[in-house]
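> Give me a 3D structure for the following:
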Amino acid sequence: MPPPHTPPPSAPALSYLRLRWRWSARALREGFWRRRRQAGVLAALLAGTAGDLPSAWASLQSALVFSVWPLARWSSSGQLGPWLGGLLLQTALGTLQALACFPWLWSPAWRTQDHALPIPPATRWRTDAALVALTQLPWALAQTAGSVLLLAQQPAWLSGPGRGLWLGGLGLAQLAAVLAATAALARWRRAPRGRWPGPSARPKAVATPGRPLRWQQALLWQPLWRGAARPLARAGLLQALGLALCAGAVALGRQAAPWALSAFTLLALLGLPRLGRLSQAHLQPLLDRATRELPLSGHTLERGRRLQLLWPTAAGAAVLLAVLLTGPLPLTSWRPPVLAAWALWMLPALWWQTAPASPDPAARTSGGLLLLLIGLALATDTLKESPR
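So this is what the prediction gives:
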């Protein structure tokens with residue numbers, strides 16, 4: 001007599017939130033594994049600071065206070081205008097952190113499975129909001145720690161109604177950042193191939209004869225905001241903002257300046273290879289077609305493409321120069337030879353990082369690591385030692 005039929009065990013039911021969380025966690029693990037070499041370099045650099053724990057702790061405190069400093073400073077007057085400016089800046093910082101996590105919160109490979117699920121739009125929106133709120137936890141913890149450190153110092157300029165405006169603005173900015181990033185994530189999910197949807201189709205105006213474009217503008221700059229190279233432009237804007245924040249952190253004081261300069265070096269040298277990959281994927285086909293159809297040298301176009309990758313670093317360097325000239329640290333507190341050596345070393349290092357990817361990944365990684373270590377060694381020694 002055959003045994004009675006037993007149905008196979010059914011898989012446990014998953015909510016839409018748990019399903020999206022599993023997808024995002026898997027994408028995050030895969031992304032971390034692809035960047036394990038860079039993570040090892042960062043871990044080695046952090047381990048090297050163990051010998052000077054007081055200085056490292058002071059730098060960490062400065063960075064945490066800097067996360068809430070703009071809103072606190074602009075709220076100190078108790079006036080609505082400066083407070084609104086600080087609120088917008090604080091909201092923008094939180095939104096940018098969430099935007100950087102979008103490739104892990106939504107991948108185009110999930111589109112088919114996600115569209116096959118009978119999920120109401122309200123459930124999708126709540127799931128997007130929950131995932132965005134999870135990405136905001138590190139930023140919220142940093143702001144909380146920075147607020148505690150700033151309140152412990154009891155600055156005279158942060159009292160009365162300004163303190164209430166500041167603390168209320170922190171919570172309001174965090175909520176506004178989650179809402180703004182959730183709306184952006186919903187638009188990101190609707191976009192094909194994980195890109196932002198372009199503007200709606202409009203009737204084209206009749207072309208009028210005007211000043212002819214130069215080849216640099218037509219081939220290198222206009223594709224950044226009108227053509228397929230817009231992902232390169234967005235990545236460049238994010239890198240320029242990060243470099244500007246690192247440059248601004250130099251003005252926090254003697255303890256934070258070497259660390260901010262090291263962060264500037266790290267972001268500048270590690271961000272260029274990613275910009276180069278985006279340029280090869282989105283801009284290089286246009287330049288190859290122009291080489292075949294126009295009397296332009298391929299070497300000239302390649303040099304122009306590599307120069308184009310340096311504009312975010314140039315913007316950050318301009319902010320850094322302004323901070324060095326007008327910041328609270330006097331020029332006499334710096335070591336001019338070391339600072340000049342750092343700047344002269346960064347010029348060829350940045351140019352080398354814009355080169356196309358080498359066929360030998362080991363040589364590419366070792367060369368980039370050497371450039372990074374020498375740049376960090378110079379950056380951490382640019383300030384004179386404080387008198388004992």
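> Quick check: which ranges of the stretch 201-350 of the chain have low pLDDT?
Applying pLDDT under 70 to the stretch 201-350 of the chain picks out residues 201-221, 223, 225-228, 253, 293, 327-328.
> repeat that with 50
Applying pLDDT under 50 to the stretch 201-350 of the chain picks out residues 201-210.
> Okay, helices next: where are they in it?
Assigned by DSSP state H, counting those that start in this stretch, the stretch 201-350 of the chain shows helices spanning 215-216, 223-226, 230-249, 256-282, 284-293, 298-308, 311-326, 336-353.
> what's the closest of the ones you listed to residue 149?
Proximity to residue 149 (C-beta to C-beta) singles out helix 256-282 among the helices of the stretch 201-350 of the chain, at 12.9 Å. (C-beta placed from N, C-alpha, C; glycine too.)
> hmm, back to that, tabulate the helices of the stretch 201-350 of the chain (TSV), appending distance to residue 154 and mean neighbour count.
Output for the helices of the stretch 201-350 of the chain, formatted as TSV (distance: least, C-beta to C-beta, whole Å; neighbours: other C-beta atoms under 10 Å):
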stretch	distance to residue 154	mean neighbour count
helix 215-216	55	14
helix 223-226	47	15
helix 230-249	23	19
helix 256-282	20	21
helix 284-293	56	14
helix 298-308	49	16
helix 311-326	27	17
helix 336-353	35	15
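> What are the buried residues along the helix or strand harbouring residue 59?
Element membership for residue 59 (DSSP states H and E) is helix 53-66. Buried residues in helix 53-66, counted by 16 or more other C-beta atoms under 10 Å: 56, 58-66.
> show me the residues around residue 129 that make contact.
Shown in contact with residue 129 (C-beta atoms under 8 Å, 6 or more residues apart in numbering): 178-179, 182.
> Closest to residue 250 out of those residues?
For residue 250, the nearest member of these is residue 178. The distance, counting by C-beta to C-beta, is 30.3 Å.
> Going by neighbour count, which residues of the host helix or strand of the closest one are buried?
Assigned by DSSP H and E, residue 178 belongs to helix 161-190. Along helix 161-190, these residues count as buried under the neighbour rule (16+ other C-beta under 10 Å): 162-163, 165-167, 169-170, 173-174, 176-178, 180-182, 184-185, 188-189.
> list the helices and strands that helix packs on?
Judged by 3 or more C-beta pairs under 8 Å, 6 or more residues apart in numbering; DSSP states H and E, helix 161-190 is in contact with helix 69-75, helix 80-100, helix 102-105, helix 121-135, helix 137-153.
> Give the buried residues for the fourth one.
Put plainly, it is helix 121-135. Residues of helix 121-135 classed as buried by neighbour count (16+ other C-beta under 10 Å): 124, 127-129, 131-133, 135.
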